[in-house]
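Student: 3D model of this:
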Amino acid sequence: MAKAFHLTIAKVGEHLFEGEAISITLPGIEGVFEILADHEAFISRLGQGQARVKTPSGESLSFSVPNDSIAEVSHNQATILI
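Tutor: As a prediction, this is how the structure comes out:
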């Protein structure tokens, strides 16, 4: 079974997703990238596109990401601010 990490996807005044995830694929400004459990810490600007989340239960979720969103990863947690 794949290892999970804690994921928060939020925008001002609203949490869109808060829970465990197996992966999230994001539209980086230099191309699409994927975050998995125990990913190295980093902060990155995001471009316009879709965030695609896979949960431990096998559910796939998709969220619209506007330009100039931010992804932050540290200590087996990821926060996406859109």
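
Student: low-confidence regions, the protein specifically.
Tutor: Confidence mapping of the chain against pLDDT under 70 gives the ranges 1.

Student: which SSE is residue 3 in?
Tutor: Using DSSP states H and E, residue 3 maps to neither a helix nor a strand.

Student: and the nearest residue to it once chain neighbours are set aside, backbone torsions?
Tutor: Ranked by C-beta to C-beta, 6 or more residues apart in numbering and with sequence neighbours excluded, the top spatial neighbour of residue 3 is residue 37, at 3.9 Å. For the C-beta atoms, the positions are set from N, CA and C on the backbone; glycine is no exception. Per-residue torsions, residue 37: phi -60, psi 150 (degrees, to the nearest 10).

Student: beta partners for the most centrally placed residue in the chain?
Tutor: Among the residues of the chain, the one closest to the centroid is residue 24, at 4.7 Å (C-alpha atoms, centre = their mean). Beta-bridge partners for residue 24, by DSSP bridges, are residue 35, residue 53.

Student: quick one on the thing from earlier: for the residue nearest to residue 3, what are its contacts?
Tutor: Applying C-beta atoms under 8 Å, 6 or more residues apart in numbering to residue 37 gives the contacts 2-5, 22, 76.
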